[in-house]
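**Student:** here's a sequence, model it:
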Amino acid sequence: MMPNSGSRILYVDDDPGLCRLAQRKLERMGFVVELAHGGEAALEAIGDRPFDLVALDHYMPGQDGATTLAQLMELPSPPAVVYVTGTQETHVAVQALKAGAADYVVKSTSEDFFDLLGRTINQALDARRLKAEKDRAEQHLRETNAQLEAMLVEMNHRVANSLQMISSLVSLQARRASGEEAQTILMDMRRRIDAVARVHRQLYADGGGGTRICMAAYAHALGRDLTDSFGLDAGRRRIRVLAEPMELPTATAISLGILANELVSNACKYAYADDAEGEVRVRFEPIGSDGYRLTVEDDGAGWDENNAARGTGIGSQMIRAIAEGLGARFCRSNSATGVRAIIEKLPPE
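**Tutor:** Numbers count the residues shown, from 1 in each chain. Below is the predicted model:
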């Protein structure tokens, strides 16, 4: 069986004899061929029934091929068009291709012309089929992506709700805990859960389909969460967030959120005396295209690396482990007025 056998072809020419000859030759190649003796007749035929391809002559009395081609291209689903011309002037073929023709052949009555016409028709039909398959595949991909994004929205919503429920249960348990150390441990755990939940809440609020987090929005929201969690008085103590525009992958944002939570929590708990004023500053900033720096600093009592860790020490261990997992550098030092902690990952060289 010939390639594209059974395809419906409309051959358009004002020469009835050449039309009949072309019909016989093309039907021997396996095509189903109908004839139209002019541009208007061609458009009428296409309006009545579908065709896979139109072989369109250029020079015709009344409505010529160029005008007919333009009207064909305006159809909702135009057929492929092979432009047939008897002229050797290349600008005619070039204009036809620019107007939407798939290909062109130079007309003659020799056997070679019909062989060339048949091969050109097959090539145009192959290209049309491949384009249709590509369009269907792209449409299927768009539909699949839309479904996956909808599922991701729902997943982020459910994860955020589940984490919120766990956070509430941990908070309830902390209030019922008998010892101060147990209450502190449980409240620290709650803040860590909230830092992860905040990412999923932001993804859900943004539509849920993304895989990157706007760190400026996340950092400001995390600062508000920590302010509420510690019950800070904005007039006496506050958390100030300075975040430059940048986006990071969700997994990285979660890790940095946990790191920021630990560093801010340490500053809120240990930098200032209970009755002292002060602030904790959090800064997110990009380094190059793929690097970043997280800085948390206070104006408090400072840090003595020779003294044992205050609290359980789990937070410090967690900070170093997460920073190492990110491939980032962690350093903590006394600044002019307090403590500065930095998590920094440089972009690859």
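
**Student:** from the contact counts, what lies against the lengthiest helix in the chain?
**Tutor:** In the chain, taking DSSP state H as the definition, the longest helix is helix 111-176. Here helix 111-176 is seen to pack against helix 16-28, strand 53-57, strand 80-85, strand 103-106, helix 180-205 when contacts are counted using 3 or more C-beta pairs under 8 Å, 6 or more residues apart in numbering; DSSP states H and E. From N, CA and C alone the C-beta is placed, and that goes for glycine too.

**Student:** number of residues surrounding D188?
**Tutor:** 23 (other C-beta atoms under 10 Å).

**Student:** for it, give me its contacts.
**Tutor:** 265, 314-315 (C-beta atoms under 8 Å, 6 or more residues apart in numbering).

**Student:** try E44
**Tutor:** By C-beta under 8 Å, 6+ apart, the neighbours of E44 are A36.

**Student:** now do the buried residues in the helix or strand harbouring it.
**Tutor:** According to DSSP states H and E, E44 maps onto helix 39-48. Neighbour counts over helix 39-48 (16 or more other C-beta atoms under 10 Å) mark 39, 41-43, 45-46 as buried.

**Student:** before we move on, what about stretch 333-343?
**Tutor:** 338-343.

**Student:** could you point out which of those is nearest to S255?
**Tutor:** The shortest approach to S255 among the buried residues of stretch 333-343 belongs to I343, at 9.2 Å (C-beta to C-beta).

**Student:** what's the burial count for M73?
**Tutor:** 13.

**Student:** measure it to Q139 for me?
**Tutor:** 22 Å (C-beta to C-beta, to the nearest Å).

**Student:** what about F330, which SS state?
**Tutor:** strand (DSSP: H, G, I helix; E, B strand; the rest coil).

**Student:** what about the spatially closest residue to it that is not a sequence neighbour, which helix or strand?
**Tutor:** What sits nearest to F330 in space, not counting adjacent residues and going by C-beta to C-beta, 6 or more residues apart in numbering, is A323, at 4.0 Å. Element membership of A323, judged by DSSP H and E, is helix 314-326.

**Student:** quick check: angle from that helix to helix 180-205?
**Tutor:** Orientation of helix 314-326 against helix 180-205 (axes from the mean of the first three to the mean of the last three C-alpha atoms, to 10 degrees) gives an angle of 40 degrees.

**Student:** and for helix 314-326, what's in contact with it?
**Tutor:** Contacts for helix 314-326 (C-beta under 8 Å, 6+ apart): 188, 252, 255-256, 258-259, 262-263, 265-266, 309, 329-330, 343, 345.

**Student:** in ChimeraX, how would I select the buried members of those?
**Tutor:** In ChimeraX, this line selects whichever of those come out buried by 16+ other C-beta under 10 Å:
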select :188,252,255,256,258,259,262,263,265,266,330,343,345
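
**Student:** now intersect the contacts of helix 314-326 with the strands, please.
**Tutor:** Within the contacts of helix 314-326, residues falling in strands by DSSP state E are 329-330, 343, 345.

**Student:** so what's the closest residue to A271 other than its chain neighbours up against?
**Tutor:** In space, and not counting its chain neighbours, A271 is closest to G300: 2.8 Å by C-beta to C-beta, 6+ apart. When contacts are counted by C-beta under 8 Å, 6+ apart, G300 touches 267, 270-272, 276, 278, 338-339.

**Student:** now those residues: which count as buried?
**Tutor:** Applying 16+ other C-beta under 10 Å to those flags 267, 271-272, 278, 338-339 as buried.

**Student:** just the ones of those in helices?
**Tutor:** Those of those lying in helices (DSSP H): A267.

**Student:** and which of the buried ones among the contacts of G300 is nearest G223?
**Tutor:** Distances from G223 to the buried ones among the contacts of G300, taken by C-beta to C-beta, are shortest for A267, at 12.1 Å.

**Student:** that closest one is in contact with S335, isn't it?
**Tutor:** No: A267 is beyond contact range of S335, at 11.8 Å (criterion: C-beta atoms under 8 Å).

**Student:** joint contacts of the two?
**Tutor:** Common neighbours of A267 and S335 (C-beta under 8 Å, 6+ apart) are E297.

**Student:** mean confidence score for stretch 152-168?
**Tutor:** For stretch 152-168, mean pLDDT rounds to 82.

**Student:** likewise stretch 95-108?
**Tutor:** For stretch 95-108, the per-residue pLDDT averages 92.

**Student:** pull out the buried residues from it.
**Tutor:** So stretch 95-108, judged by 16+ other C-beta under 10 Å, has buried residues 96, 101-105, 107.

**Student:** redo those as TSV? Include distance to R212.
**Tutor:** Putting the buried residues of stretch 95-108 into TSV (distance: C-beta to C-beta, whole Å) gives the following:
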residue	distance to R212
A96	46
A101	44
A102	41
D103	44
Y104	48
V105	51
K107	57
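
**Student:** widest-spaced pair of the residues you listed?
**Tutor:** A102 and K107 (16.5 Å).

**Student:** ok, back up a step: list just the nearest of the contacts of helix 314-326 to R8.
**Tutor:** For those, the nearest to R8 is T252 (56.1 Å; C-beta to C-beta).

**Student:** tell me how far that closest one lies from T211.
**Tutor:** From T252 to T211 the distance is 11 Å (C-beta to C-beta).

**Student:** and this structure, what are its domains?
**Tutor:** 8-109, 211-349 (automatic domain parsing).
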